[in-house]
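Visitor: Pasting the sequence and the predicted coordinates here, then a few questions.
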Amino acid sequence: MKVILTEKITKLGNIGDTVEVKTGFARNYLLPNGKAMRWTRENVALFEAQKAELQARQDAARKTAESNVDAIKNAKLHMIRQAGDTGQLYGSVSTRDIARMLKELTGINVESAQVMLGSPIKSIGAFDTKIALHPDVIVPVKVYVAQTQDEIDALVAGKELTFDTKKSSAESESEKTEETVSDTAAESANDAE
């Protein structure tokens, strides 16, 4: 489907660009959110009449995003989560969690789609991510995930957290040995009868 972009969209184009997109993307996202209009001769003329207003709105959005950069950079994204002995979280930290925390800390409304995380965080540690306040304003942030505040302080200080994976595998080996011994004892008791 051919559309005219009414705002800059990352990896797609700038205001006024005519682009070819998939029909579902246009119908479900671009058109309902006012980010584009269908390409017709009438809409081209309408866009040209509104171009200055749309450009001014885009510039205002960029200035607002630029004014929020310092607040986002200075936000301390420290998340305390439960985890196992190996450092694997019992849940995960998603873009929605990061967006919610940013809103609580800064008061700036950040949507989960603006958090450029990639895949959810599933282990303890320090993680780099980016917040796209505007297609032209992308802020790098660091997310610290740990079980306690002391662990977060250690991560912030740059210390590496170590987990005793050998201990947990050794414990599981001893449990297997105990099970085998008890199974063998039960079998010999059954044989004696």
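Guide: Cool, got the structure.

Visitor: residue ranges with poor pLDDT in this structure?
Guide: Along the chain, the model assigns pLDDT under 70 to residues 163-193.

Visitor: residue ranges of the helices in it, please?
Guide: In the chain, the segments counted as helices under DSSP state H are 23-25, 41-67, 69-74, 95-106, 149-156, 165-192.

Visitor: how about Lys130, what does it touch?
Guide: 115-116, 138-141 (Cβ atoms under 8 Å, 6 or more residues apart in numbering). Glycine gets a C-beta too; all of them are placed from N, C-alpha and C.

Visitor: what about the closest residue to it other than its chain neighbours, how many neighbours?
Guide: Nearest non-adjacent residue to Lys130, counting by Cβ to Cβ, 6 or more residues apart in numbering: Met116, 4.3 Å away. Residues within reach of Met116, counting by other Cβ atoms under 10 Å, total 15.

Visitor: ok, Met116 to Leu46 distance?
Guide: Here Met116 is placed at a distance of 33 Å from Leu46 (Cβ to Cβ, to the nearest Å).

Visitor: just Gln82 next, same as before
Guide: From Gln82 to Leu46 the distance is 54 Å (Cβ to Cβ).

Visitor: Enumerate the positions of stretch 120-127 that are buried.
Guide: 121, 123-124, 126-127 (16 or more other Cβ atoms under 10 Å).

Visitor: TSV for the residues you listed, including distance to Ile9?
Guide: Listed next are these as TSV, based on distance: Cβ to Cβ, whole Å:
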residue	distance to Ile9
Ile121	27
Ser123	33
Ile124	35
Ala126	31
Phe127	26
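
Visitor: quick one: which of those residues is nearest to Ala52?
Guide: Closest approach between the buried residues of stretch 120-127 and Ala52, by Cβ to Cβ: Phe127, at 41.7 Å.

Visitor: The closest one: what's its closest spatial neighbour, skipping adjacent residues?
Guide: Leaving aside its sequence neighbours, Phe127 is closest to Val143 (4.7 Å, by Cβ to Cβ, 6+ apart).
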